[in-house]
Structure formats: C-alpha cells, structure tokens
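[1] need a structure here:
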Amino acid sequence: MVRTLIRRIVDRVAAGGKDRLKVVFSDNSTYGSTRLGDPDVTIIFRNAAAEWRMALGGVFEFLESYFSGDVDVIGEHGLRKLVHLGFRKPCGRFEHPLTR
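    Presented below is the predicted three-dimensional model:
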C-alpha cells in the first residue's frame, strides 16, 4: 500500500516537468517515473519507516527522513530539485499543515 502511494506521488510530482525520478525502496525494488530515460534524481529509502513518512507526511517528513539519514538523494542538485517539485506539487496523502 505505501509503495503504491509513493509511486503515485512520484508520477504526480514528475508529471509535466522535465526531470525523471527513480525510487529505490528499502527492499531494493525500484520504480521510475513515467518519463523515459536515465533518472535525473534517484531517491533511496533505507528503511520502511522512511517510506511511510514520505507517503503520509509530505515534503517536510521526507526532509526529516533525509536529514536523519533514512533517505538518500542522488543526482545533480537532486535535493533542491525534489524540494522545488514538492512545493510546486505537494505530495503525500495527508499534507503537512505548513505546506497548505
């Protein structure tokens, strides 16, 4: 269930943009955005808790996971791109009150 939410978030955030996103889940399975080609940004989840935080908490919880080392972001200016996309198209089922 949580991975389905993350896939939807990735597709929604990547839609209409030029950046290609790839996700590596905590079990090493992967998912790429609907745009074809090599990813501009890769998100690597180190544990399932970080996956849940992104799915339910939006950009702020994602950043908390990043700063605590539970998520890695690979790509040139990757974190900056993700934050920009996250604010442009908020993600998460229950968006954090500060992004409303």
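[2] By residue count, what's the longest helix in the protein?
    Selection of the longest helix in the chain by residue count, based on DSSP state H, yields helix 48-67.
[3] For the helix or strand L79 falls within, name the packing helices and strands.
    Element membership of L79 [criterion: DSSP states H and E] is helix 78-88. Secondary structure elements in contact with helix 78-88, counted by 3 or more Cβ pairs under 8 Å, 6 or more residues apart in numbering; DSSP states H and E, are helix 2-14, strand 41-45, helix 48-67. Yep, even glycine has a C-beta here, placed from its N, CA and C like the rest.
[4] in the lowest-mean-pLDDT helix or strand in the chain, what's buried?
    Between all helices and strands in the chain, the lowest mean by mean pLDDT, DSSP states H and E belongs to helix 78-88, at a mean of 74. The neighbour-count criterion (16 or more other Cβ atoms under 10 Å) identifies 78-79, 81-82, 85-86 as the buried residues of helix 78-88.
[5] Equivalent analysis for stretch 36-46, please.
    For stretch 36-46, the neighbour count (16+ other Cβ under 10 Å) marks 39-45 as buried.
[6] Dump the residues you listed to CSV, plus pLDDT and distance to V23.
    Shown next, in CSV, are those (pLDDT from 0 to 100; distance: Cβ to Cβ, whole Å):
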residue, pLDDT, distance to V23
P39, 87, 9
D40, 85, 13
V41, 89, 10
T42, 93, 8
I43, 94, 5
I44, 96, 8
F45, 97, 7
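[7] and the two most separated of those?
    Spanning the widest gap among the buried residues of stretch 36-46 are D40 and F45, at 18.0 Å by Cβ to Cβ.
[8] Tell me how far V83 lies from L63.
    Plainly put, V83 is 7 Å away from L63 if you go by Cβ to Cβ, to the nearest Å.
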